[in-house]
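Colleague: Structure for the following, please:
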Amino acid sequence: MDTVNTWNTTQHFWLVVLGFFVAFAPRYIPIKIFTQRKIPEWFNEWMKFVPVSLFTALVVKDLFITATYQFDPMAHLPEIISAIIVGVIAYFTRSMAISVVIGLVSVFLLAMLI
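Modeller: Next up, the predicted model:
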């Protein structure tokens, strides 16, 4: 068990410091650049699609891709049914809290039944 971690404290320190810069730079550089110049209108229009695209990619992967990275639309049937229920509830109520609670409850109940 002694050979698992052979790094000393200095190496751990530099890992944390370098990790900070790797995580900080992609956030700081765009802010620094775009506060000094005007953002083009086409870029603002394009950026409106980024959140929904990322959300869709994450949801579709979790619903239709198995742990072995195979497409299987029936592998997560309770989650798929719950996603449809949440979509309908969110559309009509426009409430994040109600959607999350109903989604959690529906996944729980459908996982027990199916």
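
Colleague: Looking at the spatially most central residue of the chain now. What's its pLDDT?
Modeller: Geometric centre of the chain, nearest residue: Leu58, 5.8 Å, by C-alpha atoms, centre = their mean. Leu58 carries a pLDDT value of 89.

Colleague: Restrict the strand or helix carrying it to CA atoms and write it as PDB.
Modeller: Leu58 belongs to helix 50-64 when assigned by DSSP states H and E. Provided in PDB are the C-alpha atoms of helix 50-64 (Å, rounded to 0.1, in the frame of the first residue of the first chain):
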ATOM      1  CA  VAL A  50     -25.500  26.300 -26.700                       C
ATOM      2  CA  PRO A  51     -27.400  25.600 -23.500                       C
ATOM      3  CA  VAL A  52     -30.200  23.600 -25.100                       C
ATOM      4  CA  SER A  53     -27.700  21.700 -27.300                       C
ATOM      5  CA  LEU A  54     -25.600  20.700 -24.300                       C
ATOM      6  CA  PHE A  55     -28.600  19.700 -22.300                       C
ATOM      7  CA  THR A  56     -30.000  17.700 -25.100                       C
ATOM      8  CA  ALA A  57     -26.700  15.900 -25.700                       C
ATOM      9  CA  LEU A  58     -26.400  15.000 -22.000                       C
ATOM     10  CA  VAL A  59     -30.000  13.800 -21.700                       C
ATOM     11  CA  VAL A  60     -30.000  11.800 -24.900                       C
ATOM     12  CA  LYS A  61     -26.800  10.000 -23.900                       C
ATOM     13  CA  ASP A  62     -28.200   9.100 -20.500                       C
ATOM     14  CA  LEU A  63     -31.500   7.900 -21.900                       C
ATOM     15  CA  PHE A  64     -30.400   5.900 -25.000                       C
END
